[in-house]
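Participant: got a predicted structure here, sequence first:
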Amino acid sequence: MNSVSPSLNNKGTGLNKTSSFLKRLIQQRTLAFMCIPFVLWAFVFKYLPIWGWTMAFQNYKPARSFSEQEWAGLKHFRILFEDSTFYRVLRNTLVMSTLQLVLGFVTAITLALLLNELKNIVFKRVVQTISYLPHFISWVVASSIVLTVLSPDGIVNLLLTKLHLLDKPVLWMGKGNYFWGILAGTQVWKDVGWNTIIYLAAITAIDPSQYEAAEIDGAGRFQRMLNITLPGLKPVIIILLIMNLGNILESGFEPQYLLGNGMNLEYSENLDIFVLKYGLGMGSFSLGTAAGIFKTVVSFIFLFSANHIAKRMGESRLF
């Protein structure tokens, strides 16, 4: 009986895979050529800057060349993890990111489900347009609106005092424990309409015959949403969740920087502002880079953990 060595089998399999890959690449050469500019962009702006991570392991001095820098090992990471301010901004970042993630998903999915149930097309378009217009407002303008509305003589204090819910105006932006809620509400107002677009697009891909069959069986609107629409959105929700978990430490920069002040600094300062303050404000480039590396490593852990969990749940892998 003739037998084939496992190594030869593996070698043959590898050659077949390579041949199949090259064949598909030639067939899709137009798409491959179209991808070249984006690959070059990613390499230049996303991978080449990783060289700057070496600053975290040096006592970096801007005036010196790379060979003249003094290496410091993990010194700056030790300083970072011994700094109580770092743990405060880490807490703020995680809380703000979690609120943004949860409220962003819940409000966008809810609005998409409600818009899908509207039968009046004109009214549906008007609501959808009004809901996503704030997305195109810059954070500078949006922050100015929020500060004006929540000022002591703003409309919020005026309404609450007129309704006798407050005895006197409240300085909302001067109380740190209100900042997380104000920021989360502002981000929902600004992005909820824009975030519904992808869910509405996913809903259109659901087979209409499923709704017709459910209606014949006597299912109401709520039952159709619960048993047909939401399961149809499940793959999209999981993919978006994986992508957003990778940015769990990216709670933003502009809204916190524009809405933050000395009175709510204890709750408004996040990792991005911390890096800016130490890296550029105080000239401690090494410490700022160390904080940035920490943020990237944690984001990678969350990203691949979420992807692994999705795979275990039977969903197709994104990466």
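Facilitator: Received the coordinates, thanks.

Participant: residue contacts, residue 27?
Facilitator: By CB atoms under 8 Å, 6 or more residues apart in numbering, the contact list for residue 27 is empty. C-beta coordinates here come from the backbone N, C-alpha and C atoms, glycine included.

Participant: for it, phi and psi?
Facilitator: As for residue 27, its main-chain torsions (degrees, to the nearest 10) stand at phi -60, psi -30.

Participant: what distance do you get for it to residue 37?
Facilitator: According to CB to CB, to the nearest Å, residue 27 and residue 37 sit 21 Å apart.

Participant: ok, now residue 94?
Facilitator: 36 Å.

Participant: likewise for residue 238?
Facilitator: Going from residue 238 to residue 37 by CB to CB gives 30 Å.

Participant: the more surrounded of these two?
Facilitator: Set side by side, residue 238 and residue 37 show unequal neighbour counts under other CB atoms under 10 Å, the larger going to residue 238 at 18 against 9.

Participant: host element of the more buried one?
Facilitator: If you go by DSSP states H and E, residue 238 is part of helix 230-245.

Participant: check which helices and strands the helix or strand that that helix is followed by sits against.
Facilitator: Toward the C-terminus, helix 230-245 is succeeded by helix 254-259 as the next helix or strand (DSSP H and E). Based on contacts counted as 3 or more CB pairs under 8 Å, 6 or more residues apart in numbering; DSSP states H and E, the elements that helix 254-259 packs against are helix 139-149, helix 179-204, helix 271-276.

Participant: looking at these, which is closest to residue 22?
Facilitator: helix 179-204 (34.4 Å; CB to CB).

Participant: need phi/psi at residue 59.
Facilitator: The main-chain torsion angles of residue 59 are listed as degrees, to the nearest 10 and equal phi -90, psi 80.

Participant: beta partners of it?
Facilitator: residue 70 (DSSP bridges).

Participant: can you tell me which helix in the chain is longest?
Facilitator: The helix spanning the most residues in the chain, taking DSSP state H as the definition, is helix 84-117.

Participant: so where is the chain shaky, pLDDT-wise?
Facilitator: 1-15, 313-319 (pLDDT under 70).

Participant: hmm, 50 instead?
Facilitator: Residues of the chain that meet the criterion pLDDT under 50 lie in 1, 8, 315-319.

Participant: so what's the closest residue to residue 198 other than its chain neighbours up against?
Facilitator: Beyond its immediate neighbours in the sequence, the residue positioned closest to residue 198 (CB to CB, 6 or more residues apart in numbering) is residue 236, lying 6.7 Å away. Residues counted as contacts of residue 236 (CB under 8 Å, 6+ apart) are 198-199, 202.

Participant: just the closest of the residues you listed to residue 105, please.
Facilitator: Ranking these by separation from residue 105, with CB to CB as the measure, puts residue 199 on top at 9.7 Å.

Participant: residue contacts, the spatially closest residue to that closest one that is not a sequence neighbour?
Facilitator: Using CB to CB, 6+ apart and skipping residues adjacent in sequence, the residue nearest residue 199 is residue 112, 3.6 Å away. Neighbour list for residue 112: 196, 199-200, 203, 233 [criterion: CB under 8 Å, 6+ apart].

Participant: what distance do you get for residue 248 to residue 238?
Facilitator: Distance of residue 248 to residue 238, computed by CB to CB: 16 Å.

Participant: err, residue 95, not the other one
Facilitator: According to CB to CB, residue 95 and residue 238 sit 24 Å apart.

Participant: still on that earlier bit, show me what counts as buried in the helix holding residue 238.
Facilitator: Going by neighbour count (16 or more other CB atoms under 10 Å), the buried part of helix 230-245 is 233, 236-240, 242, 244-245.
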